[in-house]
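[1] with the sequence up front, the predicted model follows.
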Amino acid sequence: MLVFVLNKNKEPLMPCLPSKARKLLKDGKAKVVKRTPFTITLLHGSSGYKQPLVAGMDTGSKHVGCAVIGLGKVIYQASIAIRQDVSRKMQQRAMYRRTRRGRKCRYRPARWANRASMRKTGRIAPSIKSKVDSHLRERDFVESI
């Protein structure tokens with residue numbers, strides 16, 4: 001297990017061993033930022049030396065696997081479950097909207113310019129957008145530590 005380290009400008013540095021982190025915390029040279037994953041930030045200046053790391057992401061329809069490897073060791077690995085209920089929630093929201101419209105007025109003229117094909121180009125479905133966003137959110141998290 002490794003402890004993730006941020007410099008005083010909140011930029012990621014190489015992770016350290018828990019014993020080193022414990023010593024830094026005890027001497028007052030660092031403070032805890034997050035508990036999961038355990039991350040500390042340095043209160044003093046550092047050289048900012050970083051070693052090359054390789055990050056990989058295994059995309060899937062229900063789970064995303066993510067790992068970072070450096071110096072022949074696994075530095076970070078995670079498996080994230082992606083939401084599967086977005087389509088059902090969108091259908092439920094549409095049902096509530098339709099019943100609300102029905103309560104407000106008996107006759108509502110036809111709307112012809114509200115079709116998905118008439119919207120902006122490059123539009124993706126909300127369920128797919130949710131999956132893409134979860135992949136990007138995990139990538140951004142890995143880059144932040």
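    Yep, that arrived.
[2] please make it C-alpha for all contacts and neighbour counts, starting now.
    Will do.
[3] residue 134 touches residue 81, doesn't it?
    No: here residue 134 lies out of contact with residue 81, judged by CA atoms under 8 Å, at a distance of 9.1 Å.
[4] higher neighbour count, those two?
    Neighbours around residue 134 and residue 81, counted as other CA atoms under 10 Å, are more numerous at residue 134. The numbers are 17 against 14.
[5] quick check: that one is in a helix.
    Yes: secondary structure assignment (DSSP: H, G, I helix; E, B strand; the rest coil) places residue 134 inside a helix.
[6] okay, now the residue nearest to it when sequence neighbours are not counted: neighbour count?
    Nearest residue to residue 134, sequence neighbours excluded (CA to CA, 6 or more residues apart in numbering): residue 82, at 6.9 Å. Applying other CA under 10 Å, we find 17 other residues in the vicinity of residue 82.
[7] these two touch, right, residue 82 and residue 61?
    Yes: under the contact definition of CA under 8 Å, residue 82 touches residue 61, with a separation of 7.5 Å.
[8] any idea how far the helix or strand of the chain with the lowest mean pLDDT is from the middle of the chain?
    When the helices and strands of the chain are compared on mean pLDDT, DSSP states H and E, helix 86-104 comes out lowest with a mean of 85. On the basis of CA atoms, centre = their mean, to the nearest Å, helix 86-104 is displaced by 29 Å from the centre of the chain it belongs to.
[9] which helices and strands does it pack with?
    Where contact means 3 or more CA pairs under 8 Å, 6 or more residues apart in numbering; DSSP states H and E, helix 86-104 is packed against helix 126-144.
[10] got the buried residues for the helix it packs on?
    By neighbour count on 16 or more other CA atoms under 10 Å, the buried set for helix 126-144 is 127, 130-131, 134-135, 138, 142.
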